[in-house]
Every structure is written in structure tokens, then in C-alpha cells.
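Student: Okay, structure incoming, though there's no sequence with it:
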Ligand code: NAD
Ligand code: FES
């Protein structure tokens, strides 16, 4: 069992949770993920590791309560436990040697994962411009944390209710066209955002790393659920990623595959399992 040692609501729909998981904390690196099950009938849900503390033996995730399982997880409190936490899974983010200046882009709840990436780079002495985008002021998360580990933080909202008005790509384009020379861009957020960030950086040949979030089942390369096409080749995000060179990713295919089970997800709240005869 994995005990919840911290729970914090970051906004109405987004929760931060830390688990006592010393073996995972000992090995976790930025870019990797865990798969949790609330109990032995639960579905397996992947979440990127937002933070870890090797001394305390804790692993932190930040999740949006969008589906049946994340809603169930969100109902648990400090002191409660979940049955499974597998990880760390996936390949840790590889940072090229000689990076001097990097733009890190976080979109909405994707900021939860952009934050540890920026923190790691900042700790390596790299100059970090962080661009964080949210639909509006009410759902901004981690602003103080992101400010503390970036050289410059640019807050963007779609409706202009906080920071500058517009998508994150508006600010990135403005900075690049204004003469900023980035050695790399790291983008984490909705698939459409990562695709559009890549379209901004492509003409300038700026290496752009994205963290993909396809549907996953086993998380160990066996089921094929997380199949993505990168540079025309089939890759499994759970074992080959989740980070990939964004200029080589087939984002349209990823968006199509991510939408396959949207209707089923909506039914999940009222689903009655025929095996167990009750809700599962
Ligand atoms: P959202 O839809 O509110 O968008 C967040 C921001 O992304 C927007 O404010 C905007 O700045 C930017 N954006 C959105 N559409 C854009 C477009 N067409 N062009 C340019 N920029 C655009 O995001 P949300 O509802 O918070 O969802 C976050 C997404 O991040 C989820 O889809 C989630 O699956 C994903 N995510 C991925 C990871 C990962 O590890 N890859 C981790 C956490 C979350
Ligand atoms: Fe099954 Fe990646 S989740 S192969």
C-alpha cells in the first residue's frame, strides 16, 4: 500500500498528491512517470512525476480530475492509501551538453511537468525562460514555484484575465522574433499546443522536446496502447519516451488515437462491471 502524505488542491480541478514510495523516490528522474491503481479493481492510470524527495522517500504527482479514476483518487485524503504505484517508468529526459538558454513551455496542467523540467535545468545553471499558459486567471497553478526556478516567467491567459492575452505560442514567437536565441525548447501540455509550439520553432531549427501523453495500459511496452509515430517509425511512449523530438512526431495521429475512447470515458462513472456485479 502507498500512503498519501500530502494533498493540496491547486485549483478546482487540479490536485497535488505526494505518496510514501521510497523505492520509486530513490530512482525517479525528471520526465519519468508512474502508473497507479486506487484499489485492486481500479484501472491503471499513468501520471508524470512532478517531484520527488529522496530523503523523505516521497513521490509527487499533480493530476486533473477528469476521468472516473482520477476523480476517485482526488476523493482520498492524507493518511489514506492506494493499492498500487508502479515506477519510475519511461526514459528520463536527456539534456544535451552545452545548453545555455532554454525556453520551457507549460500549457495548463502540463505546467506541473514543465515545472520539474525547468527546475532541473535551472539547477544545472541553464538560463530558463518559462512560458506558462492557462485558459483564465482562476485556474493558474504553481506560479510562485515556477517564478522561483526561472530567469523570466511569462504568464499567458487565453482570455487576458492574467498576464498577457493569448496562447503560449504568441509569446514564444514574439521572443524568438525579438532575437532570443534558445538552444532548445521543451513543451508540455495539450497535444495541440505541443504541435503548434513545434510549428513555431521548426523554421528556426530549434531543437524542441515534447512529453507525449498517449493512452497507456501496461506501461512496459507490451500492449501497444501508447503507440506513436516518430520520424515515420513506430515507438512506444512508455518505454521509448515519453519525451520525443517534437519535429518528428505525428501529432495528428496522436490526437486521433487519444480521442478513440472519449465516449467510453464519459460512460465510466456509471459503468457496472459484469465480473464483479458492482461499480468498478
Ligand atoms: P488547456 O486546454 O487549458 O490549454 C492550456 C494552454 O495551452 C492554453 O492556455 C494555451 O496557452 C495553450 N494552447 C491550447 N491550445 C493551443 C493551440 N491551439 N495553440 C497554441 N497553444 C495552445 O489545457 P488543460 O485543459 O490544462 O490540459 C492540459 C493538457 O496537458 C492535457 O491534455 C493533459 O493530458 C496534458 N498533460 C500532459 C502531460 C505530459 O506529461 N505530457 C502532463 C500533464 C498534462
Ligand atoms: Fe502498453 Fe506502452 S502502455 S506498450
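Tutor: Sure, I can see it. Keep in mind that this is a model prediction, so the values were computed, not measured. Ligands and ions are numbered 1, 2, ... in the order given.

Student: Could you count how many residues lie near residue 49?
Tutor: Neighbour count of residue 49, defined by other Cβ atoms under 10 Å: 26. Yep, even glycine has a C-beta here, placed from its N, CA and C like the rest.

Student: Could I get the full set of helices for the chain?
Tutor: With DSSP state H as the criterion, the chain has helices at 22-27, 68-75, 111-123, 143-148, 168-177, 191-201, 237-240, 251-259, 262-267.

Student: If you count neighbours, what's buried in the second one?
Tutor: Neighbour counts using 16 or more other Cβ atoms under 10 Å place 68-70, 72-74 of helix 68-75 among the buried residues.

Student: Tell me where the stretch 1-150 of the chain has strands.
Tutor: 2-9, 14-20, 33-37, 45-53, 58-64, 81-82, 84-89, 101-107, 127-134 (DSSP state E, counting those that start in this stretch).

Student: Any chance of CSV for those strands, columns mean pLDDT and distance to residue 238?
Tutor: CSV is the format used below for those (pLDDT from 0 to 100; distance: least, Cβ to Cβ, whole Å):
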stretch, mean pLDDT, distance to residue 238
strand 2-9, 96, 20
strand 14-20, 96, 20
strand 33-37, 94, 8
strand 45-53, 92, 7
strand 58-64, 95, 16
strand 81-82, 96, 20
strand 84-89, 94, 6
strand 101-107, 98, 22
strand 127-134, 98, 27
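
Student: and stretch 127-144, how far from the chain's centre?
Tutor: When distances are taken as Cα atoms, centre = their mean, to the nearest Å, stretch 127-144 is centred 14 Å away from the chain's centroid.

Student: What residues sit buried inside that stretch?
Tutor: Under the neighbour-count criterion of 16+ other Cβ under 10 Å, stretch 127-144 has 127-134, 139-142 buried.

Student: contacting residues for residue 192?
Tutor: Neighbouring residues of residue 192 by Cβ atoms under 8 Å, 6 or more residues apart in numbering: 251, 255.

Student: Tell me the pLDDT of it.
Tutor: pLDDT, residue 192: 97.

Student: what does the one 3 residues further on give?
Tutor: Taken from the predicted model, the pLDDT recorded for residue 195 is 98.

Student: I figured residue 132 hits residue 150, correct?
Tutor: No: using Cβ atoms under 8 Å, residue 132 makes no contact with residue 150, being 9.2 Å away.

Student: What is the end-to-end distance of stretch 93-100?
Tutor: From the first residue to the last, stretch 93-100 extends over 17 Å; the measure is Cα to Cα, to the nearest Å.

Student: That one and ligand 1 in contact?
Tutor: No: applying Cβ under 6 Å from any ligand atom, one finds stretch 93-100 separated from ligand 1 by no less than 10.7 Å.

Student: buried ones in that stretch?
Tutor: Buried residues in stretch 93-100, counted by 16+ other Cβ under 10 Å: 93, 95, 99.

Student: which outside residues touch it?
Tutor: Residues contacting stretch 93-100 (Cβ under 8 Å, 6+ apart): 29-31, 117, 120-121, 124, 126-127, 183-184, 186, 207, 209, 243.

Student: and residue 37, how many residues sit next to it?
Tutor: Look at residue 37: counted by other Cβ under 10 Å, it has 17 neighbours.

Student: distance of it from residue 155?
Tutor: The gap separating residue 37 from residue 155 is 36 Å, by Cβ to Cβ, to the nearest Å.

Student: Closest residue of the protein to ligand 1?
Tutor: Using Cβ to the nearest ligand atom, residue 108 is the residue of the chain that sits closest to ligand 1, at 1.9 Å.

Student: Just want to check the distance between that residue and residue 62.
Tutor: Remark: distance between residue 108 and residue 62 (Cβ to Cβ) = 11 Å.
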